[in-house]
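**Student:** sequence plus predicted model, see below.
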Amino acid sequence: MLRSEVNNILLEGDAFIRSLGFRLPPFAYYTPSEMRSKSDTDIFRNRLGWDITDYGAGRFDRMGLFLFTIRNGRAADLAKARGMLYAEKIMISRENQLSPMHRHDVKAEDIINRGGGDLILEIYESDESGMVDRTRPVSVPVDGELRKVKPGSYLCLKPGESVTLMPGIWHAFWAEKGDCLIGEVSTVNDDLTDNTFEEPIGRFASIDEDEAPVHLLVSDY
């Protein structure tokens with residue numbers, strides 16, 4: 001992705017978030033030099049901040065995601081069962097923009113439609129080898145009540161609705177009827193090691209520096 005494209009997506013995303021009444025924390029607006037001066041803080045250590053990805057495919061409008069990590073603990077604390085064991089993100093899925101099929105080995109997460117369009121999820125169980133099992137239905141809690149999803153059918157979350165995805169549940173998602181603001185509340189988030197994609201793609205975008213960044217991405221840290 002071009003840095004100029006990233007800058008535009010970042011500014012458009014911030015405006016969309018504000019239009020739905022959500023506000024990002026103050027560190028979202030640090031200049032690149034201010035952010036670099038925070039290298040000894042949890043902002044850097046826990047990879048908080050802006051995250052815009054095309055999954056290395058170069059087709060952001062068709063496959064991509066806007067994310068901002070608001071809070072995050074440390075993976076090392078999970079084994080101790082003590083400390084900040086949770087994370088929170090806000091995300092934007094553009095209309096018909098795919099976040100591709102993937103699963104997590106550690107992270108459990110609530111995916112919440114915070115407003116805008118409908119959020120559509122395609123979800124599957126893992127088979128014995130950890131790959132996608134497209135033969136079995138999967139039952140997931142939707143706002144605390146189990147809902148069974150048949151193989152090949154979709155789960156639609158309207159604004160205000162949420163689904164809980166446990167480790168090992170494969171999922172892809174996109175927005176319909178407009179762009180969608182998505183909340184994520186989860187156990188500690190580790191995007192460096194805890195994402196397994198069905199297709200051989202990358203988690204982060206490769207950035208070509210055609211202009212200066214408005215704000216740094218977590219992949220710049």
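**Tutor:** Looks like it came in fine.

**Student:** please enumerate the helices of the chain.
**Tutor:** Secondary structure of the chain by DSSP state H: the helices cover 3-19, 32-36, 42-45, 75-78.

**Student:** report the buried residues of the longest one.
**Tutor:** Read it as helix 3-19. Across helix 3-19, burial judged by 16 or more other C-beta atoms under 10 Å covers 3, 5-7, 9-10, 13-14, 16-17. Using the backbone N, CA and C atoms, a C-beta is placed for each residue, glycine as well.

**Student:** sorry, back to before: what's the closest of the helices of the chain to residue 69?
**Tutor:** helix 42-45 (9.5 Å; C-beta to C-beta).

**Student:** mind listing what's buried along the helix or strand of the chain with the lowest mean pLDDT?
**Tutor:** One helix or strand of the chain scores below all others by mean pLDDT, DSSP states H and E: helix 75-78, with a mean of 93. Going by neighbour count (16+ other C-beta under 10 Å), the buried part of helix 75-78 is 75, 78.

**Student:** out of everything not next to it in sequence, what's closest to residue 176?
**Tutor:** Spatial nearest neighbour of residue 176, excluding adjacent residues (C-beta to C-beta, 6 or more residues apart in numbering): residue 118 at 4.8 Å.

**Student:** now swap in residue 7 and tell me
**Tutor:** Per C-beta to C-beta, 6+ apart, closest to residue 7 is residue 214, 4.6 Å.

**Student:** next, count neighbours for that neighbour.
**Tutor:** When neighbours are counted by other C-beta atoms under 10 Å, residue 214 registers 17.

**Student:** so what's the backbone phi/psi at it?
**Tutor:** When read as degrees, to the nearest 10, the backbone of residue 214 gives phi -70, psi -50.

**Student:** now it: how far from residue 148?
**Tutor:** According to C-beta to C-beta, to the nearest Å, residue 214 and residue 148 sit 44 Å apart.

**Student:** with residue 50 instead?
**Tutor:** Distance of residue 50 to residue 148, computed by C-beta to C-beta: 37 Å.

**Student:** which one's more surrounded, those two?
**Tutor:** Ranked by neighbour count (other C-beta under 10 Å), residue 50 and residue 148 place residue 50 first, with 24 against 9.

**Student:** for the residue lying closest to that one once chain neighbours are set aside, report the pLDDT, please.
**Tutor:** Once flanking residues are discounted, residue 50 sits nearest to residue 217: 5.0 Å by C-beta to C-beta, 6+ apart. If you check residue 217, the pLDDT there is 98.

**Student:** now swap in residue 79 and tell me
**Tutor:** At residue 79, the model reports a pLDDT of 89.

**Student:** how many neighbouring residues does it have?
**Tutor:** The burial count for residue 79: 7, using other C-beta under 10 Å.

**Student:** any idea how far residue 85 is from it?
**Tutor:** Residue 79 is 10 Å from residue 85, by C-beta to C-beta.

**Student:** next one: residue 171
**Tutor:** From residue 171 across to residue 85, the span is 22 Å (C-beta to C-beta).

**Student:** fine by me, we can end here.
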